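Enquirer: dropping a prediction and its sequence here:
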Amino acid sequence: MDKRRNVIMIAAILAGILVLVLIGVAIYKYVAPSNTKKELSSVYELKENEIALIVDNAILEEKGQKINGQFYVPAAVAMQYMDERIFVDSKEKSLSYATEQGILVAAPDKQEYLLGKDDKKAEIPILSEQNGSLYVSLDFIQTVASCSYKEYKDPDRIVVLSDRNKEYLFATTAEDIRVRTGPNKKYDYLTEVPEGVRVIVNEDVKQENEYQSVSTLDGITGYIPTDSIEKTEKSKWKFEKTPVSFEQEKLGKTVCLGWHQVTTSAGSGTLPASADWSSKMNVLSPTWFALSDNKGNFTSIANTGYVAQAHDKGFQVWGLINDFDKKIKLNKILGRTSVRTKLVNSLVAAAIQYDLDGINIDFENVKKNSASAYLQFLRELTVKCHANDLIVSVDNYTPASYNAYYNLEEQGRIVDYVILMAYDEYYAGGGESGPVSSLTFVENGVEGMVRRVPKERVVVALPFFSRLWKETEKKSGEVSATSPGAYGMSGAESLVRANDAVAKWEDATGLYFAQWRSGGATYKIWLEDEASLEKKLGIATAQKVAGVAFWKLGFERAITWSTIDAAIK
């Protein structure tokens, strides 16, 4: 009986021990960290000969390729993130890259390429086509890239930092740590990071379970405990290379440009009366050229007699070309290499034929889908203009988030003069009445421009015109504003007098304002005159920009130039 009791007791003890062991194992499994390492190849989902691309801490869906043992990057990635001057035409299957020495042009899977007029040969093809997609050689990117990138093995990946304006939160690891796939120690780990290593804290990802999302500098993103982070510092990435700026073709004095609107061949040979009113105006820009189709052609009413007269009076002539025809599709003209080249060559040929001193680009209908091609057009035009001693100037809207794709920073590294059109604050078709160019609008525009473009390349364009507004009330009570037209200085003042209105000065806008009732509608006008112009000129000269411009000649009066001449040093 005692023996049986002992057996039962021993069995109970063993069972208890087993239960305790099982409980211990369960507790350990619950509290112990995962020691399983997740393979990075499964994170990047790479197939044979593919290369992972990590740009600004994000894994791209696009993959690079190993072609004959060499790294290649998808053309779209190379253009957008690695060097914006790389331009790949997917339709005509060619790569273009603008340098001051000439335009580099390469075809797929050929070592030979063209630089200006010279034949060159690369060690491997600059451009390659694989299964209908175009890829750019990393060797070529390395010679030109303005981004920051590094290659890593196991698995093959390229880590790119491209955003020059972004501020990152950098931190240092306070201990040896594992970077995990999720915000808990139970998640598998991706890599081990020693103490004292720099990481980037992903601020846009919320902390969870006292874990923080970070990215290592070799392109691995995961989670580490928040208490393992120290020495945080917010700063921009320090790039080793900056985009090269083309040498500026300068006027040699403060620019004072007047746009001369010319609409017919009959009037294209006559200088504006303004040419005799100013001692400081030194550039005339007649509106002679206009894109006429999507094949790179343009109309011209240029006149050599006009240029000869202008030169005799000491003026330079910068012929203007616009894109105002509604059927124009800039992506079709500028996105095709052969068409873009035709347009560039034709413009330069016209400038030489008519003895022009420069070309003024007034393309106001650039869209996001044509932005990169537009910039490539400006680069190629500038290279060929400089080879012929021609100045390139480009007209731009006031800087804003919605037109950021005009890329003023890149324009300011390429063209000779970036012109700010500091007017059309309220414009016809906008549906709301207001001034053409208030003081605040000009001030903000100039400040925004000089933040992006070197002052020696900035020209501030101011208005000689005022816009009349007609406000009518709908049945809903909503006020609708339309613009019956724009008026020159004298015409606007005559309009106010004719309606027995009184113009009163507004400190807020820096303009005289008048309104009156007629035919059930309210008419409003903010008057551009010498007083308002003097204040705007003061803003421009205080910033020490390269010069000023005016739209348009004929809307001012002779005395207006006394104000301008006094403001220009």
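Expert: Perfect, I can see it now. Numbers count the residues shown, from 1 in each chain.
Enquirer: drop to CA atoms for contacts and neighbour counts, all remaining ones
Expert: OK.
Enquirer: what's downstream of the helix or strand encompassing Ile224, the next helix or strand?
Expert: Using DSSP states H and E, Ile224 maps to strand 221-225. The helix or strand immediately downstream of strand 221-225 is strand 229-236, counting by DSSP H and E.
Enquirer: only C-alpha atoms, please: export that next one in CSV.
Expert: This file holds the C-alpha atoms of strand 229-236, laid out as CSV (Å, rounded to 0.1, in the frame of the first residue of the first chain):
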residue,chain,number,x,y,z
ILE,A,229,17.4,56.0,-29.6
GLU,A,230,19.4,58.9,-28.5
LYS,A,231,21.1,62.1,-29.8
THR,A,232,18.3,63.1,-32.1
GLU,A,233,19.0,65.9,-34.6
LYS,A,234,16.9,67.4,-37.4
SER,A,235,18.8,68.4,-40.5
LYS,A,236,18.9,68.1,-44.3
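Enquirer: buried residues, that strand. List them.
Expert: Burial within strand 229-236, assessed by neighbour count using 16 or more other C-alpha atoms under 10 Å, is assigned to Ile229.
Enquirer: report all helices and strands that it contacts.
Expert: Contacts defined by 3 or more C-alpha pairs under 8 Å, 6 or more residues apart in numbering; DSSP states H and E place strand 229-236 against strand 167-173.
Enquirer: okay, now the sheet partners of the strand it packs on, with direction.
Expert: Taking DSSP bridges as the criterion, strand 167-173 forms sheet pairs with strand 198-201 (antiparallel), strand 229-236 (antiparallel).
Enquirer: still on that earlier bit, the strand holding Ile224 - what's its average pLDDT?
Expert: Strand 221-225 shows an average pLDDT of 96 in the prediction.
Enquirer: show me what it is in contact with.
Expert: By C-alpha atoms under 8 Å, 6 or more residues apart in numbering, the list of residues contacting strand 221-225 from outside reads 57, 177-184, 190, 210-215.
Enquirer: angles on the backbone of Thr337, please.
Expert: Backbone torsions of Thr337, given as degrees, to the nearest 10, read phi -60, psi -40.
Enquirer: please begin residue numbering at 155 from this point
Expert: Sounds good: first residue 155 from here, last item Thr491.
Enquirer: quick one on the thing from earlier: neighbour-wise, which of the contacts of strand 375-379 leads?
Expert: Highest neighbour count within the contacts of strand 375-379: Arg334, with 28 neighbours (other C-alpha atoms under 10 Å).
Enquirer: skipping its backbone neighbours, what lies nearest that residue in space?
Expert: In space, and not counting its chain neighbours, Arg334 is closest to Tyr343: 3.9 Å by C-alpha to C-alpha, 6 or more residues apart in numbering.
Enquirer: got a list of what the one you found touches?
Expert: By C-alpha under 8 Å, 6+ apart, Tyr343 lies in contact with 188-192, 332-335.
Enquirer: again, 10 Å this time
Expert: Tyr343 is in contact with 187-194, 331-336, 376-378, counting by C-alpha atoms under 10 Å, 6 or more residues apart in numbering.
Enquirer: neighbours of Pro617, just the number please.
Expert: Neighbourhood size, Pro617 [other C-alpha under 10 Å]: 25.
Enquirer: what are the bridge partners for it, then?
Expert: Counting by DSSP bridges, the residues bridging with Pro617 are Trp705.
Enquirer: sketch out the low-pLDDT regions of this protein for me.
Expert: Where the chain drops to pLDDT under 70, the residues are 155-159, 161, 165-166, 169-170, 172-185.
Enquirer: please report how far Met661 lies from Tyr551.
Expert: Just so we're on the same page, residue 661 is Asp rather than Met. 25 Å (C-alpha to C-alpha, to the nearest Å).
Enquirer: please identify which of the two sits among more neighbours.
Expert: The neighbour count for Asp661 versus Tyr551, taken as other C-alpha under 10 Å, is higher for Tyr551 (17 against 10).
Enquirer: hang on, the more buried one packs against Tyr559?
Expert: No - using C-alpha atoms under 10 Å, Tyr551 is not in contact with Tyr559; the gap is 11.5 Å.
Enquirer: before we move on, the earlier item: is the residue nearest to Arg334 in a bridge, and if so with what?
Expert: The partner residues for Tyr343, given DSSP bridges, come to Lys191, Arg334.
Enquirer: which strand or helix spans Phe531?
Expert: Here Phe531, judged by DSSP H and E, is contained in helix 525-540.
Enquirer: the strands in the stretch 405-554 of the chain, which residues?
Expert: 409-414, 437-440, 443-445, 452-454, 470-476, 512-516, 545-550 (DSSP state E, counting those that start in this stretch).
Enquirer: next, the angle from the longest one to strand 512-516.
Expert: In this case it means strand 470-476. Angle of strand 470-476 versus strand 512-516, following axes from the mean of the first three to the mean of the last three C-alpha atoms, to 10 degrees, is 30 degrees.
Enquirer: same deal with the first one?
Expert: In this structure, strand 409-414 runs at an angle of 60 degrees to strand 512-516, with the same axes, to 10 degrees as the basis.
Enquirer: could you list the paired strands of strand 409-414 along with their orientation?
Expert: Counting by DSSP bridges, strand 409-414 is paired with strand 437-440 (parallel), strand 701-705 (parallel).
Enquirer: now swap in the fourth one and tell me
Expert: Partner strands for strand 452-454, per DSSP bridges, with pairing direction: strand 443-445 (antiparallel).
Enquirer: can you point out the buried residues in the strand it pairs with?
Expert: In strand 443-445, counting by 16+ other C-alpha under 10 Å, buried: 443-445.
Enquirer: residues making contact with it?
Expert: Contacts to strand 443-445, defined as C-alpha under 10 Å, 6+ apart, come from residues 416-417, 451-456, 473-479, 481-484, 487, 497, 501, 504, 513-517.
Enquirer: mind checking which of those residues are buried?
Expert: Neighbour counting by 16+ other C-alpha under 10 Å classes 416, 451-452, 454-456, 473-477, 482-484, 487, 497, 501, 504, 513-517 among these as buried.
Enquirer: ok, the buried residues of strand 443-445 vs Gly218, which is closest?
Expert: Nearest to Gly218 out of these is Leu445 (C-alpha to C-alpha; 38.5 Å).
Enquirer: endpoint to endpoint, stretch 202-222 covers what distance?
Expert: One end of stretch 202-222 sits 13 Å from the other (C-alpha to C-alpha).
Enquirer: list the buried ones in that stretch?
Expert: Neighbour-count burial for stretch 202-222 [16+ other C-alpha under 10 Å]: 204-211, 213, 217-220.
Enquirer: what of stretch 319-331?
Expert: 322-328, 331.
Enquirer: show me which of those residues is closest to Ile171.
Expert: The closest of the buried residues of stretch 319-331 to Ile171 turns out to be Ile331 (C-alpha to C-alpha; 35.2 Å).
Enquirer: got the phi/psi numbers for the closest one?
Expert: When read as degrees, to the nearest 10, the backbone of Ile331 gives phi -150, psi 150.
Enquirer: excluding chain neighbours, what is closest to it?
Expert: Excluding the flanking residues, the one nearest Ile331 by C-alpha to C-alpha, 6+ apart is Val347, at 5.3 Å.
Enquirer: let me have the buried residues of stretch 202-222 in CSV, extended by secondary structure and distance to Asp263.
Expert: CSV is the format used below for the buried residues of stretch 202-222 (DSSP: H, G, I helix; E, B strand; the rest coil; distance: C-alpha to C-alpha, whole Å):
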residue, secondary structure, distance to Asp263
Glu204, strand, 18
Ile205, strand, 19
Ala206, strand, 22
Leu207, strand, 22
Ile208, strand, 26
Val209, strand, 26
Asp210, coil, 29
Asn211, coil, 31
Ile213, strand, 27
Lys217, coil, 19
Gly218, strand, 16
Gln219, strand, 14
Lys220, strand, 14
